[in-house]
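Undergrad: Quick one: sequence and predicted model below, then my questions.
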Amino acid sequence: MLIVIVILFAVLWLPYRGLLVYNTFLERPWLNLWYLFFAKTLIYLNSAMNPFLYSAMSRRFRQALYATLACKEPFDDHTETVQGVSDFSLNRTNQNPGKTSVNISASVSQDGLQRRDGNGTLETAGL
């Protein structure tokens with residue numbers, strides 16, 4: 001998808017940018033009004049074409065665009081996996097002598113996320 005968008009961007013901007021580069025080396029600039037009209041029209045066409053390109057090439061963009069136009073919440077690919085998670089723990093020990101180890105555990109409840117650090121301190125963050 002990115003390659004197509006970059007190539008179209010380069011092709012549609014090339015006439016205008018080419019004219020600018022060409023005119024920098026001339027003593028008297030070349031300003032053909034019909035050519036400028038054509039080059040500027042291609043620039044506007046590039047901007048107008050982007051939503052259609054993104055929509056044709058990206059399922060996530062189509063879903064987000066539909067959700068925006070329909071005034072709904074955007075689709076989240078990770079909703080199913082996140083709802084199934086109810087407990088999380090991380091135990092980390094250092095191999096270096098004299099260093100302390102870190103223990104973190106978390107659980108998801110309806111009220112929010114509760115996190116308990118290695119010292120037993122409980123923190124709650126609302127979702």
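TA: Arrived safely. Numbering: from 1, shown residues only.
Undergrad: what about the helices in the protein?
TA: 2-24, 33-57, 59-69, 79-84 (DSSP state H).
Undergrad: Turn those helices into JSON lines, including mean neighbour count.
TA: Quick note: C-beta positions are derived from backbone N, CA and C, even for glycine. Below are the helices of the chain laid out as JSON lines (neighbours: other C-beta atoms under 10 Å):
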{"stretch": "helix 2-24", "mean neighbour count": "12"}
{"stretch": "helix 33-57", "mean neighbour count": "12"}
{"stretch": "helix 59-69", "mean neighbour count": "13"}
{"stretch": "helix 79-84", "mean neighbour count": "8"}
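Undergrad: mean pLDDT for the ones you listed: which is lowest?
TA: When the helices of the chain are ranked by mean pLDDT, helix 79-84 comes last with a mean of 42.
Undergrad: leaving aside the residues next to it on the chain, what's closest to residue 1?
TA: Nearest-residue entry for residue 1: residue 57, 4.1 Å, with adjacent residues in sequence omitted and distances by C-beta to C-beta, 6 or more residues apart in numbering.
Undergrad: Quickly note the distance from the one you found to residue 8.
TA: Distance, residue 57 to residue 8, by C-beta to C-beta, to the nearest Å: 11 Å.
Undergrad: Same question for residue 19.
TA: 19 Å.
Undergrad: Same check on residue 24?
TA: According to C-beta to C-beta, residue 24 and residue 8 sit 25 Å apart.
Undergrad: How about residue 45?
TA: Applying C-beta to C-beta to residue 45 and residue 8 gives a distance of 9 Å.
Undergrad: ditto for residue 64
TA: For residue 64, the distance to residue 8 equals 21 Å [C-beta to C-beta].
Undergrad: try residue 25
TA: Distance, residue 25 to residue 8, by C-beta to C-beta: 27 Å.
Undergrad: swap in residue 28?
TA: 33 Å.
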